[in-house]
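Engineer: requesting a structural model of the entry that follows:
(one chain, ligands or ions: 1)
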Amino acid sequence: MLELSSPITREAVVALDRGDALSPLRHHFDLPQGLLYFDGNSLGPLLHASRQRVAETLQQHWGQDLIQSWNRHGWIDLPRRVGARVARLIGAEPDEVVIADSTSINLFKLLAAALDLRPGRSVILSQPSQFPTDLYMAQGLAELRQPQPQLRLVESDNLISALDSDVAVVSLSHVDFKTGERADLRRITRAAHQHGALVLWDLSHSAGAMEIGLSRAEADLAVGCTYKFLNGGPGSPAYVYVARRHQERAQSPLWGWFGHRDPFAFDTHYMPAPGIDRFQCGTPPILSLVAVDAALDIFDQVELAQLRQKSMMLGELLVALVEQQCSGRGLTLASPRDSKSRGSQVSLRHSAGYQIMQALIERGIVGDFRAPDVLRFGLTPLYQRFLDVWEAVEALRDILENRVWDHPRFQRRGVVT
Ligand SMILES: Cc1ncc(COP(=O)(O)O)c(C=O)c1O
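Structural biologist: Residues are numbered from 1 along each chain as shown. Reported below is the predicted structural model:
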């Protein structure tokens, strides 16, 4: 996809930016001057629209209209309205998605629902490389149920052959948080269905960076966060997807009043709301939801296929430049080489990965590190320039060539790495 003659020059990279139809979108983001941000796959940056909408909500809605805002400013419908906007981004129908809780809590709810939808089956099939919360929620849920379900962990190459008639649900990330490897959502969903199992997809690392096509793949269940590529802000609420065909029988194990058929009847007995609403639980976090809603506006101006295309080009450029500028310096590619098999990130391994990332951050190039040795570079086509990639790799080359990373100040570790 990326067609540049070798060796790649700075001028050629600048020309890529000149031809980039998405470059005007960068101005919607409040990016700090001089910072090159490669961590939008962990925490997306602030949009001007979110700052303005949250300020208006604080001052006018909460500040002036107080409790009337639930009706007057539509707070009560926000989980569904924002859910419907996320639905478009993940290829689902508007009534199949609702915003609620965190990704972790939603994993718990949907794993429990999946086990109930497949009585007589006791296995949750997953991979050891999953984001830990996906595994922990399954382990914790298993402890609570009788008979106890079994969490079966197999490597990705063996996943399909591990399917059998005991598997109730396959729980998987669409894009691996560490390596960026992208699972074949359609193929795995089809294989699971052939064995009578459901699939629960964690879309945290793919929504907002590529087309996902849940309906087309006949996907069953999905969750994901809104603070990465969707730029919703730190700790913004997550989403739940349940295919329409499962909604009548799928039950949340958390019987919160916002999932009740008629929350304001204050009935003593729980009755699940029809459809996706039963997967809400308690009062939605309105300020965060407003920030998510505003952050999604930018996606109305762009096709997901365009985003994916630029994201793949950014990744191909990064890999090609690392090979050109940094070869022989101990870096290896942790991500798949073929950009079609990668999400929107490139991960590199180096035995001094932590120190190297700290040295990059000191120069205003912010990626992150995942133990034991992975440097992650998130690719975010809404605001990243091809020149950012050039400059990041130039800095990486200098840090490696001159062993800049080999200094005690780069050893100190914070709580969040
Ligand atoms: C794949 C995946 N799932 C879940 C989470 C986190 O879930 P929560 O939002 O509940 O903290 C992350 C966080 O980075 C993640 O990468």
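Engineer: leaving aside the residues adjacent along the chain, what's closest to S122?
Structural biologist: The shortest distance from S122 to any residue other than its chain neighbours is 4.9 Å, reached at P149 (Cβ to Cβ, 6 or more residues apart in numbering). C-beta: built from backbone N, CA, C; applies to glycine.
Engineer: who's in contact with the one you found?
Structural biologist: L115, S122, V123, I124, A138, L141, A142, A168 (Cβ atoms under 8 Å, 6 or more residues apart in numbering).
Engineer: got the contact list for the second one?
Structural biologist: Same thing as S122. So S122 contacts L115, P147, Q148, P149, Q150, D166, A168 (Cβ under 8 Å, 6+ apart).
Engineer: what about I8, how many neighbours?
Structural biologist: When neighbours are defined as other Cβ atoms under 10 Å, I8 has 19 of them.
Engineer: so it touches L321, yeah?
Structural biologist: Yes - between I8 and L321 there is a contact under Cβ atoms under 8 Å: 6.2 Å.
Engineer: about what we covered before: redo the contacts of P149 as TSV? Include distance to Q68.
Structural biologist: Formatted as TSV, those follow (distance: Cβ to Cβ, whole Å):
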residue	distance to Q68
L115	42
S122	49
V123	50
I124	45
A138	42
L141	39
A142	45
A168	45
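Engineer: filter these down to the buried ones and hand me the ChimeraX line.
Structural biologist: Selecting only the buried entries of those in ChimeraX, with 16 or more other Cβ atoms under 10 Å as the criterion:
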select :115,122,123,124,138,141,142,168
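Engineer: looking at the contacts of P149, which are in strands?
Structural biologist: V123, I124, A168 (DSSP state E).
Engineer: of all the residues you listed, which comes closest to the ligand?
Structural biologist: I124 (15.4 Å; Cβ to the nearest ligand atom).
Engineer: quick check: bridge partners of that closest one?
Structural biologist: L151, V169 (DSSP bridges).
Engineer: residue contacts, A112?
Structural biologist: L141, R145, Q251, S252, P253.
Engineer: buried ones in the strand or helix carrying it, by neighbour count?
Structural biologist: Element membership of A112, judged by DSSP states H and E, is helix 103-117. Going by neighbour count (16+ other Cβ under 10 Å), the buried part of helix 103-117 is 103-115, 117.
Engineer: now render these as TSV, adding distance to S50.
Structural biologist: What follows is these, written out as TSV (distance: Cβ to Cβ, whole Å):
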residue	distance to S50
T103	20
S104	23
I105	23
N106	22
L107	26
F108	28
K109	27
L110	28
L111	31
A112	33
A113	32
A114	33
L115	37
L117	37
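Engineer: out of these, who's near the ligand?
Structural biologist: T103, S104 (Cβ under 6 Å from any ligand atom).
Engineer: off-centre distance for the helix holding A112?
Structural biologist: Put simply, helix 103-117 sits 18 Å off its chain's centre (Cα atoms, centre = their mean, to the nearest Å).
Engineer: quick one: which two of the contacts of A112 are the most distant?
Structural biologist: R145 and S252 (14.8 Å; Cβ to Cβ).
Engineer: ok, the two, which is more surrounded?
Structural biologist: Each of R145 and S252 has its neighbours counted (other Cβ under 10 Å); S252 has more, 24 against 14.
Engineer: most remote residue from this protein's center?
Structural biologist: Of all residues in the chain, T268 has its C-alpha farthest from the mean position, at 37.3 Å, by Cα atoms, centre = their mean.
Engineer: okay, and it sits in which element?
Structural biologist: With DSSP H and E as the test, T268 turns up in no helix or strand.
Engineer: check F377 too.
Structural biologist: strand 374-378.
Engineer: contact partners of that strand?
Structural biologist: Contacts for strand 374-378 (Cβ under 8 Å, 6+ apart): 38-42, 178-180, 318, 334, 344-350, 353, 356-357, 367-370, 392.
Engineer: kindly report the same for stretch 181-199.
Structural biologist: 114, 117-118, 121, 125, 156, 159-160, 163-165, 167-176, 201, 206, 212-213, 216-221, 246, 335-336, 340-343.
Engineer: inside helices: which ones of these?
Structural biologist: A114, L117, H246 (DSSP state H).
Engineer: OK, contacts around the second one?
Structural biologist: Right, the one you point to is L117. Applying Cβ under 8 Å, 6+ apart to L117 gives the contacts A168, L198, H246, R249, A250.
Engineer: which PyMOL command selects the buried ones in these?
Structural biologist: To isolate the buried members of the contacts of L117 in PyMOL, using 16+ other Cβ under 10 Å:
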select buried, resi 168+198+246+250
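Engineer: how about the contacts of L117 in CSV, adding pLDDT?
Structural biologist: Formatted as CSV, the contacts of L117 follow (pLDDT from 0 to 100):
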residue, pLDDT
A168, 98
L198, 98
H246, 98
R249, 98
A250, 98
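Engineer: what does this structure put close to the ligand?
Structural biologist: So the chain meets the ligand at 102-104, 131, 133-134, 173, 177, 202, 204-205, 225, 238 (Cβ under 6 Å from any ligand atom).
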